[in-house]
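S.K.: this is a predicted model, with the sequence first.
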Amino acid sequence: MTDLSHKPTLTGRLVTLRPPTADDAEAMTAVMADPDVARLTGSVSSSADLGVPPPLERSRDWYGSRSAADDRLDLVVVDKATDRVVGEVVLNSWDPDARSVNFRTMVGPEGRGRGLGTEAARLVLGYAFDQLGMHRVGLEVFDFNPRARHVYEKVGFIHEGTRRHALCFDGDWVDAHDMSILEHEWADRRGDS
């Protein structure tokens, strides 16, 4: 593997992960404007900023340019039941020498509570390890997002450590947990539900 320029479409029972286009900007802007998404991902630092979406034109430019990126993989999460974009999964901060990449995800309200995020995480992890040859996939999750941490643990991520007071939200300090899964751990878990 020399880069992340190939942009696959990955299909599961509940979701399809596909490369984003500029046409996905409106749906993704709505996801990013969701107050829970903004707070739980650490995208904002105060309640006053909740519900404020990024400018639509900026989102169009961003999602329209993802297919050209060779150092990261961005895929939108499409709910197969509704054929609607409900979120995204991303592999970024790629270190080719260490065969390591960061994972991040966000799922809006239309995609929560039905296993879509869990399946999306499993699909992208399978691609990272089985197709890209990654050795390690890591992530960061904030302490006030136990739902996400549960999903990450369910798919095999292991807690590595806690960065204390990593985020300030509304004047309160929030810890961040670093988690990872290694290729042999993924191989041992493959097929688990």
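M.R.: Everything's here; your move.
S.K.: now the spatially most central residue of the chain: closest residue in space, sequence neighbours ignored.
M.R.: With distances taken as C-alpha atoms, centre = their mean, residue 105 lies nearest the centre of the chain, 1.6 Å away. Once flanking residues are discounted, residue 105 sits nearest to residue 89: 4.7 Å by C-beta to C-beta, 6 or more residues apart in numbering. C-beta here means a position set from N, CA and C on the backbone, and glycine is covered the same way.
S.K.: go on, residue 14?
M.R.: Closest to residue 14 by C-beta to C-beta, 6+ apart is residue 119, at 4.9 Å.
S.K.: which parts of the helix or strand containing the residue nearest to the centre of the chain are buried?
M.R.: For residue 105, the element it lies in under DSSP states H and E is strand 100-107. By neighbour count with 16 or more other C-beta atoms under 10 Å, strand 100-107 contains the buried residues 100, 101, 102, 103, 105, 106, 107.
S.K.: among those residues, which one sits closest to residue 158?
M.R.: Nearest to residue 158 among the buried residues of strand 100-107 is residue 103, at 13.2 Å by C-beta to C-beta.
S.K.: which residues does the closest one contact?
M.R.: Contacts for residue 103 were tallied using C-beta atoms under 8 Å, 6 or more residues apart in numbering; they are 89, 90, 91, 121, 124, 125, 128, 137, 138, 139.
S.K.: list the buried residues in stretch 130-141.
M.R.: Buried, per 16+ other C-beta under 10 Å, within stretch 130-141: 132, 134, 136, 137, 138, 139, 140, 141.
S.K.: let me fix that, I meant to ask about stretch 103-123.
M.R.: Residues of stretch 103-123 classed as buried: 103, 105-108, 110-112, 115-123 (neighbour count, 16+ other C-beta under 10 Å).
S.K.: stretch 7-27 now?
M.R.: 7, 10, 12, 14-20, 24-25, 27.
S.K.: so of these, which ones are in strands?
M.R.: Those of the buried residues of stretch 7-27 mapping onto strands are 10, 15, 16, 17, 18, per DSSP state E.
S.K.: just to check, the last one is in contact with residue 76?
M.R.: The reference is to residue 18. Yes - at 6.1 Å, residue 18 counts as touching residue 76 under the criterion of C-beta atoms under 8 Å.
S.K.: for residue 18, which non-adjacent residue is spatially closest?
M.R.: Looking at residue 18 with C-beta to C-beta, 6+ apart, the closest residue is residue 9, at 4.5 Å.
S.K.: repeat for residue 102
M.R.: Nearest to residue 102 is residue 93, by C-beta to C-beta, 6+ apart, at 3.9 Å.
S.K.: now do the SS call for the one you found.
M.R.: Under the three-state scheme (DSSP: H, G, I helix; E, B strand; the rest coil), residue 93 adopts strand.
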